[in-house]
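Novice: Sequence and predicted model, in that order:
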Protein chains: 2
Amino acid sequence: MAGSPLIDELRATLGTAAVLTDPDLLRGYQRDEADLCESAPPSVVVRPRTTAEVVEVVRLAAAYGVPVIPQGARTGLAGGANSIEGALVLATTAMDRILEIDRVNRIAVLQPGVVNATLAAEVARHGLRYPPDPGSWESSTIGGNVSTNAGGMCCVKYGVTTEYVLGLEVVLASGEVLRTGRRTAKGVAGYDLTRLFVGSEGTLGVITEITVSLRPAPEESLTMVAVFPSIATAGAAVAEISAQGLSPSLLELLDQTHLRAIEAYRPMGLRTDARALLLAAVDTGSRAPADLARLAAACTATGADEVFTATDPVEAAALLQARRLAHPAMERFAAEAFPAGNGGLFLDDVAVPRSRLAALLDGIERIAAEEEVLIGVVGHAGDGNMHPLIVVDRADPVSMARGQRAFDAIMELALALGGTCTGEHGVGLLKRDWLAREIGPVGVRVHHAIKAALDPTGLFNPGKVI
Amino acid sequence: MAGSPLIDELRATLGTAAVLTDPDLLRGYQRDEADLCESAPPSVVVRPRTTAEVVEVVRLAAAYGVPVIPQGARTGLAGGANSIEGALVLATTAMDRILEIDRVNRIAVLQPGVVNATLAAEVARHGLRYPPDPGSWESSTIGGNVSTNAGGMCCVKYGVTTEYVLGLEVVLASGEVLRTGRRTAKGVAGYDLTRLFVGSEGTLGVITEITVSLRPAPEESLTMVAVFPSIATAGAAVAEISAQGLSPSLLELLDQTHLRAIEAYRPMGLRTDARALLLAAVDTGSRAPADLARLAAACTATGADEVFTATDPVEAAALLQARRLAHPAMERFAAEAFPAGNGGLFLDDVAVPRSRLAALLDGIERIAAEEEVLIGVVGHAGDGNMHPLIVVDRADPVSMARGQRAFDAIMELALALGGTCTGEHGVGLLKRDWLAREIGPVGVRVHHAIKAALDPTGLFNPGKVI
C-alpha cells in the first residue's frame, strides 16, 4: 500500500513523518502483549497529534474502506489492539499532552497518549493523585487504560479507571466529534455515553481527549504480609476480611510458584517455603494501626502461619516491588522451564465474588492436576480478581493443548462460581467466545445493536470484543 | 380503553387486581412531582409482580402499539415518569422484594419497587450501608433512583447511584430479558450496558432486578455549621475546602430564604439573620476532630462570621433534619407568599465545577434582581450542585413568565460556567431542550441512535430525555 492514494492523502494531511509504511516499522505495531491471539502487520500506521488530524484519518479510512485499529502503548493482554491484514493502525502515542490540571476541582484534561506514570507524577506535583495503577502503568497510556477500563492494585479501595473518567472527546466513524460527560462532580444530562466508551476497546470510536477526576494526594500506608500453609486458607482470609467490613488499600495474593519465581528473578529474602502470601496495606491516619491489627487478626484466625508488618516505608516498598515483579519473573521462570527457552505463559484474568475466592483457588489446583500443567496464581485478592498463569512449552503441541484446556476450564469455573471471564484485562480477541457465553444471546444482540448504531460499517477494530 | 382487547389480555395475564382502569385511580398515576411539565392520565395502569409478568405486559403493549411508561414512586422532579394520552403505565411498586443480602460480598439483589429507606434499613441490620440518599429516600424506589441516577447528601464523599449498581435485569422492547453486569467487585466483560441503563429514565427498557454494591456500616460523624455574611463567601469557602483536599462526608448550603422558611415551618432556633449557612460533616475516626478543625478554618478564612460544631449526635441530627425540611418548608413558604395559596416553586437543579460555585451564586442573585423574583438557594455545595427555587404566583401570568425566564437564565449561566443543566434530577420533559443545548447536535444524534438500537419503535417513555 506504500504508494496508494490513501497513503498519499494521509501524508498530505499529517506530514510524512507521521505516516509509517516501512515493513519493519509496521511489524512493531502488529500486536499487544497477549499470547494466543492472531495478528497481522497493518498496511500503514499513522501518528496524529490533534483531534482534527484524527478526524481526517478516520474520514480517509472510511472513504477508502480501510479498517482503523486504535492503539495505545500495546501493553494490553487480550489482543484488543492487534492489527489485521490491510488495516490502518491509529497510534495515539503522539497525542501525549496534559492539557490542564485543575487543583480546586480536582480534574485533569489530557490527550489519550499520556502515559499513566506521567500523569501520576504530574498530578502529584499539584498534591493530587490519579489512582488507577495497572501493572503496565509505567508504559501504558491513559487512552489505553480508558479503552480497557484498566484496573490495578489500588482498585480494592479506590476503584477502576471508569470511576475516574468524567468526560471524553471521541471521533466517531462518521468523522463527527462527540463530546461526552462533564467537568462537574455530578451530572445526569442524558445517557451515560462516557462509560459506554470506557472499556469498549476501540470498537466504537477513537478517544481523543479525556477528562479525569483526581483525588487528594495519597496518604502514607502501613503494610503487612501474612504467610499461609495453603492457598485456600489465604482465600478464606480474604472472605473474612471482607465480611468484617475492613477496607484495605491493597490486598494482593501471591502463590508459592510466584514467590519462588520472584526470588529467583531478584533475590530479596521472600519466604519461598510459604504456600501463599497475602500482601495488605491500610491508609494511615491515627486509626491505621488498629485497622492493620484487625487485618492481621483475620489472617491469623483463618490459618496464617505468620503475620508481620513492614517496619518502615523502605521495607513496605520492597514488598510492593516484589508484587510488581510477579509478571516478568514468571515470564523468565516459564521461559527457562522448558528446553531452548520455549516455555511460555497463558495469562488468565478471572474474577469471582470474594466469598468464592477460596473455591476458585481450590479449583485451579484441581485443574492444574487434571491437565498436568503448572499454574501459578497471583492477583488482586481483595477484588476476587485472580491472574492464573499457565506454564506451557510452546514447542510441544500436547503442552499447548493442555494449557488451552486449563485456560478454558478456569474461565468455566469462574462463571460457575458467579464470576466473570475477565476482571480487568478485557475481551479483545482472546475471550470473545467466553464473552458470548457470559452475557448470553440477548447480551450479544444488544452489543451488536449498539456497535451498529455507532459504527454501522464496522470501521473500528473489527473482530474485537463481539 | 376499559373494555379493550388489550385490557382483557392484561387481566388474563396479571389478574384483575393488577390492572387498573378506574379513571380516578388512573389520575393518581398521571405525573411525578415536577412543575412545568405536561401530563395526561394513562389508559391503563398495570402492577406486575415478576419479571415474567413484565415481559408479558411489554409484549402485549408492543403488539397493540401502546406506549409503556415505567413508573416508580413518582417522586421525580423532571416529569420523566409523566404519562401521556393513551399510554400504559407500568408501575413497579408491587415488585418490592429484596431477593438477597450478601454480607461477605457486600451486595444486595432486589426488585425495582423496593423503597430506598427500606433497603437502607434492611442492609443496616447486616452491618452494611447503601449510601445514595436522595431527598425522596423515604418514599422513592431504587428502580426510580437507578433510572434517574439519583444523588443525595452523601454523594460528596460516597458518589451517586451509578457507583453502586453492579448489574441489572432489563426487559427490552422486544420482550427479551437482558442481564447486564456482574456480582463481582470488578469486571470488564463487554460494553458497560449497566451504566447505559442507569440514568436512562425509562426510555431504553424496564428494569426488573437490580444488583447493588454496599459499603460497611457508616461511621459516626462530627457535624459543624458555618454562618456567612453573604452567599458568595459561602461559595468561596466550598472552593477553599476543595482546594485543600478535604473530604467532608456532607457539605450542604442553605441561604437566608431557606433558613427563614424552615424556621417558620418548624421553629428550631436557626440563625435566620445569616445570609448563608454551610452544614458540613466528617466521618469519625481519630482524625476527625483535626479534619473538622481544618474545615472550620477554611470557612473562617473565607469570611464566615461564626463556626460552631454540634456537641452531640442529637444536635447533629437536628441540623440534618433542618436541611431535609428545606423543600417542604419552601413549598409552604411559596404557597403562602401569594394570595389564595397560589404561590408555587420552579425547582431547578444545576451543577458547576466547585471553583465556580461562588460565581453561580452571584449570578443567581443577579438573575433574581433582574427578573424581580425571589429565588431561594439550597443544595449540595460540595458537589457544586445547587437547587435554586424560584417563587412564583401561579395565578399571575407575569410572575409565571418571570419565573420561567429566571429558570432558563440559571441553566444558561450554569452552562456558561462549565456546568450542566441537571446535576441529579434528570432531563425528563423539563429539560429536553436544555439537554440538546448542553450535548450538541452530535450528542443528540448519538442518543437517538442508541435509543433506536434498543427501542426501534419508540415503545418506552416516548418524548422523554431526547
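Specialist: Right, received. Where do you want to start? Numbers count the residues shown, from 1 in each chain, chains lettered A, B, ... in the order given.
Novice: isn't residue A:189 right next to residue B:435, touching?
Specialist: Yes: using Cβ atoms under 8 Å as the test, residue A:189 is close enough to residue B:435 to be in contact (5.3 Å). No exception for glycine: its C-beta is placed from N, CA and C like everyone else's.
Novice: any weak-confidence spans in chain A?
Specialist: Scanning chain A with the threshold set as pLDDT under 70 gives A:1-3, A:285-286.
Novice: sorry, back to before: who has more neighbours out of residue A:189 and residue B:435?
Specialist: For residue A:189 versus residue B:435, neighbours defined as other Cβ atoms under 10 Å in any protein chain shown are more numerous around residue A:189 (27 against 23).
Novice: can you tell me which residues contact the more buried one?
Specialist: Neighbouring residues of residue A:189 by Cβ atoms under 8 Å, 6 or more residues apart in numbering or on different chains: A:182, B:420, B:421, B:422, B:427, B:431, B:434, B:435, B:438, B:439.
Novice: For the fourth one, grab the count of nearby residues.
Specialist: Residue B:422 is surrounded by 30 other residues when neighbours are defined as other Cβ under 10 Å.
Novice: Tell me, how many residues neighbour residue A:402?
Specialist: 19.
Novice: buried ones in the longest helix seen in chain A?
Specialist: Criterion DSSP state H: the longest helix present in chain A is helix A:432-454. Using 16 or more other Cβ atoms under 10 Å in any protein chain shown as the burial criterion, the residues of helix A:432-454 that qualify are A:432, A:434-436, A:438-439, A:442-447, A:449-451, A:453-454.
Novice: just checking, what packs against that helix?
Specialist: helix A:397-416, strand B:177-181, helix B:193-197, helix B:432-454 (3 or more Cβ pairs under 8 Å, 6 or more residues apart in numbering or on different chains; DSSP states H and E).
Novice: For residue A:93, find the nearest of these.
Specialist: Closest approach to residue A:93 among the helices and strands packed on helix A:432-454 (Cβ to Cβ): helix B:432-454, 25.9 Å.
Novice: Identify all contacting residues around the closest one.
Specialist: Helix B:432-454 has contacts (Cβ under 8 Å, 6+ apart) with A:172, A:176-180, A:189-191, A:193, A:196, A:446, A:449-450, A:452-454, B:172-173, B:196, B:203-205, B:408, B:411, B:415, B:420-422, B:427, B:458, B:464-466.
Novice: Now with 6 Å, please.
Specialist: A:176, A:178, A:189-191, A:449-450, A:453, B:204, B:411, B:421, B:427, B:466 (Cβ atoms under 6 Å, 6 or more residues apart in numbering or on different chains).
Novice: Those: which two are farthest apart?
Specialist: Greatest spacing in these, by Cβ to Cβ: A:449 and B:411 (32.6 Å).
Novice: got the phi/psi numbers for residue A:349?
Specialist: Phi and psi for residue A:349, reported as degrees, to the nearest 10, are phi -160, psi 80.
Novice: Please list all residues in contact with the nearest residue to it once chain neighbours are set aside.
Specialist: Of all residues not flanking residue A:349 in the chain, residue A:425 sits nearest, at 4.1 Å (Cβ to Cβ, 6 or more residues apart in numbering or on different chains). Counting by Cβ under 6 Å, 6+ apart, residue A:425 touches A:77, A:78, A:349.
Novice: Please apply the same query to residue A:175.
Specialist: A:55, A:58, A:59.
Novice: Filter those down to the ones in helices?
Specialist: Per DSSP H, the contacts of residue A:175 map to helices at A:55, A:58, A:59.
Novice: ok, residue A:322 - how many residues close by?
Specialist: Count around residue A:322 with other Cβ under 10 Å applied: 24.
Novice: what helix or strand is it on?
Specialist: helix A:313-324 (DSSP states H and E).
Novice: Kindly report the residues of the stretch 1-150 of chain A close to chain B.
Specialist: A:104, A:105, A:149 (Cβ under 6 Å from any Cβ of the partner chain).
Novice: rerun at 8 Å
Specialist: By the rule Cβ under 8 Å from any Cβ of the partner chain, the part of the stretch 1-150 of chain A lying against chain B is A:102, A:103, A:104, A:105, A:106, A:107, A:127, A:128, A:148, A:149.
Novice: Most neighbours out of those residues, which is it?
Specialist: Each of those was scored by neighbours using other Cβ under 10 Å; the highest score is residue A:148's, at 32 neighbours.
Novice: Relative to residue A:37, how far out is the closest residue to that one other than its chain neighbours?
Specialist: Sequence neighbours aside, residue A:426 is the residue nearest to residue A:148 in space, at 4.3 Å (criterion: Cβ to Cβ, 6+ apart). Going from residue A:426 to residue A:37 by Cβ to Cβ, to the nearest Å gives 12 Å.
Novice: Who has more neighbours out of the two?
Specialist: Between residue A:426 and residue A:37, counted using other Cβ under 10 Å, the more crowded position is residue A:426 (32 against 20).
Novice: I'd assumed residue A:199 was in contact with that one.
Specialist: Yes: Residue A:426 is in contact with residue A:199 according to Cβ under 8 Å; the separation is 7.1 Å.
Novice: which neighbours do the two share?
Specialist: With Cβ under 8 Å, 6+ apart as the test, residue A:426 and residue A:199 both reach A:148, A:149, B:188.
Novice: Return the residues in contact with the last one.
Specialist: What that stands for is residue B:188. Per Cβ under 8 Å, 6+ apart, neighbours of residue B:188: A:148, A:149, A:151, A:160, A:199, A:420, A:422, A:423, A:424, A:425, A:426, A:427.
Novice: 10 Å instead?
Specialist: Residue B:188 makes contacts with A:78, A:148-151, A:160-162, A:198-199, A:201, A:349, A:351, A:420-427, A:431, A:435, B:182, as judged by Cβ atoms under 10 Å, 6 or more residues apart in numbering or on different chains.
Novice: That one - that's part of a strand, no?
Specialist: No: the assignment for residue B:188, made by DSSP: H, G, I helix; E, B strand; the rest coil, is coil rather than a strand.
Novice: Helix or strand for residue A:208, just tell me which one.
Specialist: strand A:206-213.
Novice: is it true that residue A:278 touches residue A:378?
Specialist: No: counting by Cβ atoms under 10 Å, residue A:378 is not a contact partner of residue A:278; they are 11.5 Å apart.
Novice: of the two, who's got more company?
Specialist: Taking other Cβ under 10 Å, residue A:278 and residue A:378 do not tie; residue A:278 has more neighbours (29 against 26).
Novice: follow-up on the earlier one: from the contacts of residue A:175, pick the one nearest chain B.
Specialist: residue A:55 (11.8 Å; Cβ to the nearest Cβ).
Novice: What about that closest one, how many residues nearby?
Specialist: 20.
Novice: Isn't it up against residue A:173?
Specialist: No: using Cβ under 10 Å, residue A:55 is not in contact with residue A:173, being 11.3 Å away.
Novice: Please enumerate the shared neighbours of the two.
Specialist: Jointly contacting residue A:55 and residue A:173 under the rule Cβ under 10 Å, 6+ apart are residue A:206.
Novice: Could I get the contacts of residue A:189 in TSV, plus columns for distance to residue A:240?
Specialist: Output for the contacts of residue A:189, formatted as TSV (distance: Cβ to Cβ, whole Å):
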residue	distance to residue A:240
A:182	40
B:420	43
B:421	47
B:422	43
B:427	45
B:431	48
B:434	50
B:435	47
B:438	47
B:439	46
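Novice: for those residues, which one is nearest residue B:138?
Specialist: residue B:422 (22.5 Å).
Novice: just to revisit the earlier point, which residues do residue A:278 and residue A:378 both contact?
Specialist: A:252, A:253, A:254.
Novice: Not counting its neighbours along the chain, what's nearest the last one?
Specialist: Nearest residue to residue A:254, sequence neighbours excluded (Cβ to Cβ, 6+ apart): residue A:277, at 4.8 Å.
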